[in-house]
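Asker: predicted model, plus sequence, below.
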Amino acid sequence: MIRLPCCIEVDGDYAPKARYALAALLEPLGLGPVWVERSSLSDLSLYYGSANQGLPEGTIELALGEGVQEFFRARKAPYPSGIWWEQRKDVRYPVLFGSDDREDWVASAFYWLSGWQEYRIADRDIHGRFPHSASLQHTLHSTTLPVVEVYRQNLQDHLSQAGLRTAARQWGGESWTLCPTIDVDYVRKWRKGIFYREIVEYFLLNRLREPVRSRTARLGKGARQAAHHPDPFKSALNRMLARVSRHGSGTLFLKTAAHGPQDVYYNPRSRFLKRVAETCQQLGLQIGLHPSYHAYTHREYMQQERALLSELTGEYPGAVRQHFLRCDPPYTHRLQEACGFNIDSTLGFATQVGFRNGTCLPFRVFDVEANCAMDLWEFPLAVMDSALFNRQDLTVGEAIDETKLVLGQCARYGGAGVVLWHNVLWDEIDFPGWGHHFESVMEWAAASGAQIMSLQGALESWLGYPVGTQGAQAG
């Protein structure tokens, strides 16, 4: 990585934000910022501030947008007031700060990466999640555009014109990566509650208007599946692990506890999960924690559940994804960091695929209240199967096309396409076509040159060095 002298002259409250955002823009270009005073600037160094004179010849100046420092200092407005649109080649993108001829890429990138809007907007859904409908992406119709990557390309062009060479990082020799992840909310389908739902509620109550012959056939199909075949959720999990390992690696998120009706308990010490853990170790797949529903604001739950998972795997997990994608920033991320996790992959919209933080690259979580970056990497969630099928109500073909659209952006900008699948695939009674979506996307990504990686493997490839997890090894 090339060390680049960078001088930032802004007020005290905005300075940590500016350093964070500028580093996030530069590091994927192979440039490591070294913070210096103006007197230390020289040829091919970078300046971001309000000075318009007195800079050494050859200094590359970045625009500081008018009103930027006041906007972030006030901490009141959820959205900038002067958003406008620009065109870069075939991409139309929103600019949040600056002017028509001097875009402030640093402030605009900070807004998205920090999740600033989520601190300023009180709207939450019934699960306490920030809803896509309240987001600026929804207002701008820009959810499937990783706009921070467009800012970075603009910055790269600006640096190249000044004679500064850049080199984009790669993922194990490839220009982009697919990170397949599996959330195991249920180990088995056929439980008492499911029998009641399938037979009493669905078939008998909700289907009374259906012709008797058709209703009986559907009921018989479900009964035969339960009686004569392996549990579909268990067989799906084994099948998914084999499919992922055929192309590379991935991450499996397991639960170890249940603390409410939204959690379905399964025993982390069961013979089946022990075999699953052994399979993952043999295939080189990562196992992370999928905390219980209430753990996102409960430190004791999260600590206990992480320790239980370490008993199963023999090591403390480094990756976490919150159940139901529940996240209360910055509190949830503080809990994750305190519990020893180094990777989170919760930040995606529950009802819409796309880029919740405007990026398809990993980034350090920023604690807006403490005004500092955390020692926690976020791998933003781009696509979730249930969002495609249950919330966006897409057909299988439409879901595949939408997924390719989003992952195509990851490929275009050299990013990490994180996709969440649940182990319900190939259950054609309740989840028709979900398995075809999984297999089609995996094949397409591999054919499109993606490096198929676990979250841990992707982070280490991205950083260029091994990343350990906190917590003693379980004996």
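Answerer: Right, received. Where do you want to start?
Asker: switch to C-alpha atoms for all contacts and neighbour counts from now on
Answerer: OK.
Asker: check contacts around residue 313.
Answerer: 277, 287 (CA atoms under 8 Å, 6 or more residues apart in numbering).
Asker: quick one: buried residues of the host helix or strand of residue 233?
Answerer: Per DSSP states H and E: residue 233 is located in helix 232-247. For helix 232-247, a neighbour-count test (16 or more other CA atoms under 10 Å) marks 232-237, 240-241, 243-245, 247 as buried.
Asker: by contact count, what packs against it?
Answerer: When contacts are defined as 3 or more CA pairs under 8 Å, 6 or more residues apart in numbering; DSSP states H and E, helix 232-247 sits against helix 271-283, helix 434-447.
Asker: in a markdown table, list these along with mean pLDDT.
Answerer: Listed next are those as a markdown table, based on pLDDT from 0 to 100:
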| stretch | mean pLDDT |
| --- | --- |
| helix 271-283 | 97 |
| helix 434-447 | 98 |
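Asker: which of those sits closest to residue 343?
Answerer: helix 271-283 (18.5 Å; CA to CA).
Asker: my guess is residue 56 contacts residue 45. True?
Answerer: No: judged on CA atoms under 8 Å, residue 56 makes no contact with residue 45 at a distance of 9.2 Å.
Asker: who has more neighbours out of these two?
Answerer: Neighbour totals were compared for residue 56 and residue 45, and residue 45 leads with 25 against 15 (other CA atoms under 10 Å).
Asker: pLDDT score for that one?
Answerer: On the pLDDT scale, residue 45 is placed at 94.
Asker: right, and it touches residue 59 too?
Answerer: Yes: in this structure, residue 45 is within contact of residue 59 by CA under 8 Å, at 5.1 Å.
Asker: quick revisit: most tightly packed of the helices and strands packed on helix 232-247?
Answerer: The highest mean neighbour count among those, using mean count of other CA atoms under 10 Å, belongs to helix 434-447: a mean of 18.
Asker: quick one: contacts for the residue nearest the centre of the chain?
Answerer: What sits nearest the mean C-alpha location of the chain, by CA atoms, centre = their mean, is residue 380, with 1.7 Å. Applying CA under 8 Å, 6+ apart to residue 380 gives the contacts 345-348, 355-357, 359-362, 418.
Asker: as CSV, the residues you listed with distance to residue 412, neighbour count and pLDDT would be great.
Answerer: Output for those, formatted as CSV (distance: CA to CA, whole Å; neighbours: other CA atoms under 10 Å; pLDDT from 0 to 100):
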residue, distance to residue 412, neighbour count, pLDDT
345, 21, 22, 98
346, 23, 21, 98
347, 21, 21, 98
348, 20, 23, 98
355, 14, 25, 98
356, 18, 27, 98
357, 17, 28, 98
359, 12, 28, 98
360, 10, 29, 98
361, 12, 24, 98
362, 15, 21, 98
418, 15, 27, 98
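Asker: quick revisit: dump the helices and strands packed on helix 232-247 to a markdown table, plus distance to residue 318.
Answerer: Below are those laid out as a markdown table (distance: least, CA to CA, whole Å):
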| stretch | distance to residue 318 |
| --- | --- |
| helix 271-283 | 15 |
| helix 434-447 | 24 |
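Asker: nearest to residue 171, of those helices?
Answerer: Proximity to residue 171, assessed across the helices and strands packed on helix 232-247 by CA to CA, is greatest for helix 434-447 (13.4 Å).
Asker: can you spell out which helices and strands pack onto the closest one?
Answerer: helix 232-247, helix 396-412.
Asker: the inter-axis angle of that helix versus helix 232-247?
Answerer: Per axes from the mean of the first three to the mean of the last three CA atoms, to 10 degrees, the angle that helix 434-447 makes with helix 232-247 is 10 degrees.
Asker: then the helix holding residue 233 to CSV, C-alphas only?
Answerer: These are the backbone C-alpha positions of helix 232-247, laid out as CSV (Å, rounded to 0.1, in the frame of the first residue of the first chain):
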residue,chain,number,x,y,z
PRO,A,232,-36.2,-30.9,4.3
PHE,A,233,-34.4,-28.3,6.4
LYS,A,234,-31.7,-30.7,7.5
SER,A,235,-31.2,-32.1,4.0
ALA,A,236,-31.2,-28.6,2.5
LEU,A,237,-28.4,-27.5,4.9
ASN,A,238,-26.2,-30.5,4.0
ARG,A,239,-26.8,-29.9,0.3
MET,A,240,-26.1,-26.2,0.6
LEU,A,241,-22.8,-26.8,2.3
ALA,A,242,-21.7,-29.2,-0.4
ARG,A,243,-22.8,-26.8,-3.2
VAL,A,244,-20.9,-23.9,-1.6
SER,A,245,-17.7,-25.9,-1.0
ARG,A,246,-17.8,-27.0,-4.7
HIS,A,247,-17.1,-23.4,-5.7
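Asker: so how far is that helix from its chain's centroid?
Answerer: 22 Å (CA atoms, centre = their mean, to the nearest Å).
Asker: ok, now stretch 416-425?
Answerer: The mean C-alpha position of stretch 416-425 is separated from the chain mean by 11 Å, CA atoms, centre = their mean.
Asker: that older thread, which of the buried residues of helix 232-247 sit farthest apart?
Answerer: The most widely separated members of the buried residues of helix 232-247 are 232 and 247, with 22.8 Å between them, by CA to CA.
Asker: surely residue 369 touches residue 329?
Answerer: No: using CA under 8 Å, residue 369 makes no contact with residue 329, being 9.2 Å away.
Asker: who has more neighbours out of these two?
Answerer: residue 329 (21 against 11).
Asker: ramachandran angles for that one?
Answerer: Dihedral pair for residue 329: phi -70, psi 140, per degrees, to the nearest 10.
Asker: quickly note the distance from it to residue 122.
Answerer: 12 Å (CA to CA, to the nearest Å).
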